[in-house]
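coords please:
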Amino acid sequence: MKNLKPILWVLLLSVGLGLPLFSGPDRPGEIISVPGTEDARRALRGLDLDLLMEQDGRIFIVAGPDDILHLSAQRVPFVVETGRFAPAQPGEVRLAGGINGAYHSYKELEADLKSLENAHPSIVEVHTLGTSLEGRSIYAVKISDNPDLDEEEAEVLFLGCHHAREWISVEVPFLLARRLAEGYEGDPAIRELVDRSEIWIVPLLNPDGLEYSINVYRYWRKNRRANADGTFGVDLNRNYGYMWGRDDQGSSALPDAEDYRGVSAFSEPETRAVRDLFLGGNFLAAVSYHSFSQSILYPWGFADIPTGKDDLLRGLGLEMAGLIETVNGRSYACGQAASSLYVTNGDLTDWTFGVSGIPSYTIELPPVDIQNGGFFNAEDEIEGIFRENLPAMFRLVEFAIRDFGGLSAIHRERDIVRTPLTNRGQKDKYAVRR
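Numbers count the residues shown, from 1 in each chain. Coordinates of the predicted model:
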């Protein structure tokens, strides 16, 4: 989710819980607010700051000592706000078992994915789509009745963690993989979905960013690209090729910006990995998980204009929202991304819809706002958030299966050569065949 939405008090949970909100010499700082005047905005330009939100005429930012000195030299009045914010219910968001608690680190996810494959080899196969800038594998889980074959079946993509600080977006797709694998033998509904489709799950697209968020700076968003100006990071969800860089409202050309789009479309190995997987498949639906706001968003994100398939996208989105609400009573808003949230360009769902016309959704997971936790979800909320999303996940797979005959021709026109996956049990099976 973009940084200028109300996403503030969550950061201060880190202080109360001992999480590394500001860890390391390059990230000490305070939450401060400055007046929302043009003079203050001018003084903020060019500083490597996290702009958190605008509220009640003030701009909230994370500022280090040098930043504060700069603002003082520019005679910009500011108020240190850090002490105002504390957990609403102390102890509710306690982390057990390490700094990331029940949330997966890269190594923990890697081990759990391999364990899932070993426990259910007849329906689960783990693939390496590519490697990140820092050399970590980008894993995808394929779940199907013949996972080592590339069959003529509908494929559905579930993807998490474009943005490093959105830890819950790793857990929901991972738990889907586990539920499908563990439920296959005893649940006829799951067996039918798995037997008639190929479900691809990428729980962690941004492993470098996640590790930085866990170990250095909890609020980190981007990947860890070393930019030419000395800053770090590209926003992976602004780096896809459809309408990439269309304007500076939906993404930024400035490397220090939180929504920096990169030097070119697909400049990052993470987005290239998704591109190659998608274009080599027969995908008929896609979901990108994020947090937060409890929303189901469909294209377009780059502009508030018709897609030509608005009735389908909205109807299916509303159906998924209704299914979600039946589980825990939690309401997810549904609407077009550009009109419901904010304008984006170069994001995943605009690209998947733009190149294939398939139903594509960004699902912003709970909570609904910062007062209810923002980017911090209690560990005991993980399972509930997953369970409420599960019926919507199943519905999307059902849609893909039922529409396979009509929509698959779109993909066959690409003339992509499809090859059986072979060499099970060997290391090179962790490669996507196109």
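
Could you tell me the model confidence score at S408?
We have a pLDDT of 41 for S408.

wait, I meant K309
Listed pLDDT for K309 reads 96.

With V34 instead?
pLDDT, read off for V34, is 88.

Could you report the neighbour count for it?
Neighbourhood size, V34 [other C-beta atoms under 10 Å]: 20. (C-beta placed from N, C-alpha, C; glycine too.)

Repeat that for N223.
N223: 29 surrounding residues under other C-beta under 10 Å.

do R314 as well
Number of residues near R314 (other C-beta under 10 Å) recorded here: 16.

just for the stretch 51-200 of the chain, where's the confidence low?
Applying pLDDT under 70 to the stretch 51-200 of the chain flags the ranges 51-55, 82-98.

can you give me the helices for it?
Here the stretch 51-200 of the chain has its helices, by DSSP state H, counting those that start in this stretch, at 65-73, 106-119, 168-183, 188-195.

Which other helices and strands does the second one contact?
With contacts defined as 3 or more C-beta pairs under 8 Å, 6 or more residues apart in numbering; DSSP states H and E, the secondary structure elements packing on helix 106-119 are strand 124-131, strand 137-143, helix 168-183, helix 207-215.

again with the longest one
In this structure, helix 168-183 packs against helix 106-119, strand 137-143, strand 154-160, helix 188-195, strand 197-202, strand 283-291, strand 360-365, helix 382-402, with contacts taken as 3+ C-beta pairs under 8 Å, 6+ apart.

at 6 Å instead, please
strand 154-160, strand 283-291, helix 382-402 (3 or more C-beta pairs under 6 Å, 6 or more residues apart in numbering; DSSP states H and E).

show me the contacts for the closest residue in space to D229 that isn't next to it in sequence.
Among residues not flanking D229 along the chain, P255 sits closest, at 5.2 Å (C-beta to C-beta, 6 or more residues apart in numbering). By C-beta atoms under 6 Å, 6 or more residues apart in numbering, the residues touching P255 are 227, 229, 231.

per-residue pLDDT, P255?
Looking at P255, its pLDDT is 93.

Okay, it and R221: tell me how far apart.
As judged by C-beta to C-beta, to the nearest Å, P255 and R221 stand 13 Å apart.

Repeat that for L284.
30 Å.

For A337, grab the count of nearby residues.
Neighbours of A337 (other C-beta under 10 Å): 26.

That one against I296, yeah?
No. Assessed by C-beta atoms under 6 Å, A337 is found out of contact with I296, at 9.8 Å.

picking that back up, mind putting the helices and strands packed on helix 106-119 into CSV with mean neighbour count?
Formatted as CSV, the helices and strands packed on helix 106-119 follow (neighbours: other C-beta atoms under 10 Å):
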stretch, mean neighbour count
strand 124-131, 20
strand 137-143, 23
helix 168-183, 23
helix 207-215, 24
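
out of the helices of the stretch 51-200 of the chain, nearest to I324?
For I324, the closest of the helices of the stretch 51-200 of the chain is helix 168-183, at 11.5 Å, according to C-beta to C-beta.

Identify the residues contacting that closest one?
Contact with helix 168-183 is made by 104, 116, 120, 124, 141, 143, 158, 160-161, 190, 201, 203-204, 289-291, 365, 377, 382, 386, 389, 393, as judged by C-beta under 6 Å, 6+ apart.

same thing but at 7 Å, please
Identification of contacts with helix 168-183 by C-beta atoms under 7 Å, 6 or more residues apart in numbering yields 103-104, 109, 116, 120, 123-124, 141, 143, 158-161, 190, 194, 199, 201, 203-204, 289-291, 365, 377, 382, 385-386, 389-390, 393.

Just the buried subset of the contacts of P255, please.
N227 (16 or more other C-beta atoms under 10 Å).

List just the nearest of the contacts of P255 to W244.
N227 (16.8 Å).

can you count the residues close to V343?
Look at V343: counted by other C-beta under 10 Å, it has 18 neighbours.

and it, helix, strand or coil?
When classified by DSSP: H, G, I helix; E, B strand; the rest coil, V343 comes out as coil.

quick one: the closest residue to it other than its chain neighbours from E117, how far?
Nearest residue to V343 in three dimensions, chain neighbours excluded: G250, at 4.3 Å (C-beta to C-beta, 6+ apart). Look at G250 and E117: by C-beta to C-beta, they are 38 Å apart.

repeat for E166
Here the criterion is C-beta to C-beta. By it, E166 lies 25 Å from E117.

Repeat that for T326.
T326 is 32 Å from E117, by C-beta to C-beta.

Comparing the two, which residue is more hemmed in?
Between T326 and E117, E117 has the larger neighbour count (other C-beta under 10 Å), namely 22 against 10.

I'd say the more buried one and H127 touch.
No. Counting by C-beta atoms under 7 Å, E117 does not reach H127; the two are 9.9 Å apart.

where in the stretch 201-350 of the chain is pLDDT low?
Those would be 341, if you go by pLDDT under 70 across the stretch 201-350 of the chain.

which stretches of it form strands?
Counting by DSSP state E, counting those that start in this stretch, the stretch 201-350 of the chain has strands at residues 283-291, 295-298, 333-336.

Check what contacts the longest one and list those residues.
It refers to strand 283-291. Strand 283-291 is contacted from outside by 1, 154-160, 162-163, 166, 168-169, 172-173, 348-349, 352, 356, 358-365, 375, 396, 399-400, 403-404, 407, using C-beta under 7 Å, 6+ apart.

Same check on the second one?
The contact list for strand 295-298 (C-beta under 7 Å, 6+ apart) reads 313-314, 317, 320-321, 332-337, 340-341, 360-364.

That one pairs with which strands, parallel or anti?
Sheet partners assigned to strand 295-298 using DSSP bridges are listed as strand 333-336 (parallel), strand 360-365 (antiparallel).
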